[in-house]
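Peer 1: below are the sequence and a predicted model for it; my questions follow.
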Amino acid sequence: MKQILILGAGTSGTMMSTHLRKALRKDLWDITIVDQEETHYYQPGFLFLPFDTYKPSQLKRKVDEFIPKGVNLIREKINRVDKENDKVLLQNDTEIPYDILIIATGCNIAPQEIEGMEGEQWYKSIFDFYTFEGSLNLRDKLRTWKGGKLVVHISEMPIKCPVAPLEFAFLSDEFFTKKQMREEVEITYVTPMSGAFTKPVATKELNYLLEEKNIKIVSDFNIEKVDAENNKILDYGGQEVVYDLLVTVPTNVGDAMIERSGFGDELNYVPTDKETLQSKVKDNIFVIGDATNLPSSKAGSVAHFQSEILTKNILSFIDQKPLKEAFDGHSNCFIETGFNKALLIDFNYTQEPVKGTFPIPGIGPLRLLKETRLNHWGKKAFRWIYWNILLKGRPIPFVSNHMKLGGKIINKQ
Amino acid sequence: MTEKTFAGYCVKCNELGYLMDTDEWNREIGLEIAKEEEIAMTDKHWEVIDWLRDQCKQEVALSVRKVGKSGVVDIKGFYQLFPKGPLKTASKIAGIPKPVSCI
Ligand SMILES: Cc1cc2nc3c(=O)[nH]c(=O)nc-3n(C[C@H](O)[C@H](O)[C@H](O)COP(=O)(O)OP(=O)(O)OC[C@H]3O[C@@H](n4cnc5c(N)ncnc54)[C@H](O)[C@@H]3O)c2cc1C
């Protein structure tokens, strides 16, 4: 028997286990998947939990529920990969040999990377919303917060779901308006980038949003430390921003397991071929989702597109054929703008987000780069799609793995 | 897109003055852009530029912190070499795209 070993049973690992179990003969291939968690979280819901839009129970399912029959699920922490000997060591000292390894361990926040962030004020006046605990603690804080300076902050790029912090700022505006205390809250968005939007078309189309919602922006802010005693964040260039409530996205890093294995980059991401998704570490190691160092967005939709491509390439690898399927960086995200409206963006490595119709060219019904109510319902429907279509490895109707140009308004320079 | 001439070489630039095609870059062009940005280039500056170009070739996303962990220069040092938005300025001189997010 040959063995495929999948590390991580989050969005990507779960989809890969489903695809590969369908594609490979059970009498020839064993498939094993390892994860330390009992719970599979719907991470996009962490954006809404602080505003009491979702109940915690709506964001949690059991990991087992989505792992198909015929796949061995092991609940244990992964210690490291021994790539020379094609085996993985678990925390409990078990060794699992493999023929093909798929790394799908995602990424997580590392507040310890920033001086002063994770101190005494962590989950008192400083919060993240990228973890279940952070998001839940922030919900409790917002329920009773009396107002003041709310600072929504990105520590550094890349982060997963790069627009989530901006959505958080937009949803805060709605939340405090509805609570009739918007006057008491000053919202500031602090980013290491040159603006809230960095791509030309999006900048032109969307810059009105911040002004309309009275959100201040501080750009080019590269955080050096949090001075929690004096409620301020400081950057290397000498800028300071004062807060009463700091909602930050700490540095995102790949799992420490990758560092222990000795092949991560500076942020523990695995060097990966941006088209084939084969690792640059060894031929029989493949990488998917947030764990890669690809220049694509770290998002569930991206992992979904990658999973179908990676499945085909792994089948080619098994047949000793060239890896022909190429991922184009396709990403598709809804962006909440508050008050039951959202934007939709669809882009890839080379095509920036533009206006247009989606998924059916000329018809839609969704509109790209434009605030609509239907896009908002799309975002809300994503939770159902995630549990019932994405994780089960089913194709999303009308949406292909490769980005389509049809329906997009593109001004040739 | 516009065309600009640096050190006698005609290159394609975007509205913000970043080179569109990093293969059109050479050191003389880098030096001219540095002059426009009022940066006096030293060996240390070039070491950083070379590292940035190398990372860009490998198509990895860059951040100030990543530069700080490069072993070439720490973040404080990076700010000293290229004050005010170091990554933006250094990327421009290196002839690589301005760091962007997805939108
Ligand atoms: C606030 C927020 C909002 C988001 N919004 C959206 C959105 O609107 N749309 C969208 O498409 N995406 C969104 N995302 C991103 C999306 O959730 C992720 O990109 C996606 O889950 C990545 O899947 P993954 O499998 O690569 O990683 P994950 O789903 O994070 O899975 C990684 C798994 O590996 C396991 N693991 C890691 N290390 C170890 C170890 N050492 N031992 C054992 N197990 C280990 C973890 O327990 C985890 O289960 C959002 C994310 C956040 C945080």
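Peer 2: Nice, I can see it. Quick caveat: nothing in here was measured; it's all calculated off a predicted structure. Numbers count the residues shown, from 1 in each chain, chains lettered A, B, ... in the order given.
Peer 1: ok, residue 18 - contacts?
Peer 2: Answering for chain A, as no chain was given. Each residue near A:Thr18 by Cβ atoms under 8 Å, 6 or more residues apart in numbering or on different chains is listed here: A:66, A:68, A:391-393. (Glycine included, C-beta is placed from N, CA and C.)
Peer 1: not quite, I wanted chain B
Peer 2: Counting by Cβ under 8 Å, 6+ apart, B:Tyr18 makes contact with B:91-92, B:95-98.
Peer 1: so which of the residues you listed wins on neighbours?
Peer 2: Among the contacts of B:Tyr18, B:Gly95 has the most neighbours (other Cβ atoms under 10 Å in any protein chain shown), with 26 neighbours.
Peer 1: how near is that one to A:Val247?
Peer 2: Taking Cβ to Cβ, to the nearest Å as the criterion, B:Gly95 is separated from A:Val247 by 37 Å.
Peer 1: middle-most residue in chain B, spatially?
Peer 2: B:Ser91 (2.3 Å; Cα atoms, centre = their mean).
Peer 1: in what helix or strand does the residue in chain B that the ligand sits nearest to lie?
Peer 2: Chain B approaches the ligand most closely through B:Cys102 (11.4 Å), counting by Cβ to the nearest ligand atom. Assigned by DSSP states H and E, B:Cys102 belongs to no helix or strand.
Peer 1: quick check: phi and psi on it?
Peer 2: Main-chain torsions, B:Cys102, degrees, to the nearest 10: phi -80, psi -20.
Peer 1: can you pull the pLDDT of it?
Peer 2: B:Cys102 carries a pLDDT value of 80.
Peer 1: that one contacts A:Ser331, correct?
Peer 2: Yes - in this structure B:Cys102 lies within contact range of A:Ser331 using Cβ atoms under 8 Å: 6.6 Å.
Peer 1: so what sits against both of those two?
Peer 2: Here B:Cys102 and A:Ser331 share the contacting residues A:297, A:345, A:347, scored by Cβ under 8 Å, 6+ apart.
Peer 1: now A:Phe347, which residues is it bridged with?
Peer 2: A:Ser331 (DSSP bridges).
Peer 1: quick one: name the residues of chain A near the ligand.
Peer 2: By the rule Cβ under 6 Å from any ligand atom, the part of chain A lying against the ligand is A:8-13, A:34-37, A:43-44, A:46-47, A:77-78, A:104-106, A:129-130, A:160-161, A:164, A:255, A:257, A:289-291, A:298-301, A:303, A:333.
Peer 1: circling back: from the contacts of A:Thr18, which two are the most distant?
Peer 2: Longest distance between any two of these is 10.6 Å, between A:Pro68 and A:Leu391; criterion Cβ to Cβ.
Peer 1: how close does A:Glu205 sit to A:Glu352?
Peer 2: A:Glu205 is 11 Å from A:Glu352, where distance means Cβ to Cβ.
Peer 1: which of those two has more neighbours?
Peer 2: Set side by side, A:Glu205 and A:Glu352 show more neighbours around A:Glu205, with 20 against 17, by other Cβ under 10 Å.
Peer 1: got a list of what the residue of chain B closest to the ligand touches?
Peer 2: Applying Cβ under 8 Å, 6+ apart, we find B:Cys102 in contact with A:162-163, A:199, A:297, A:331, A:333, A:345, A:347, A:353.
Peer 1: cool, thanks, signing off.
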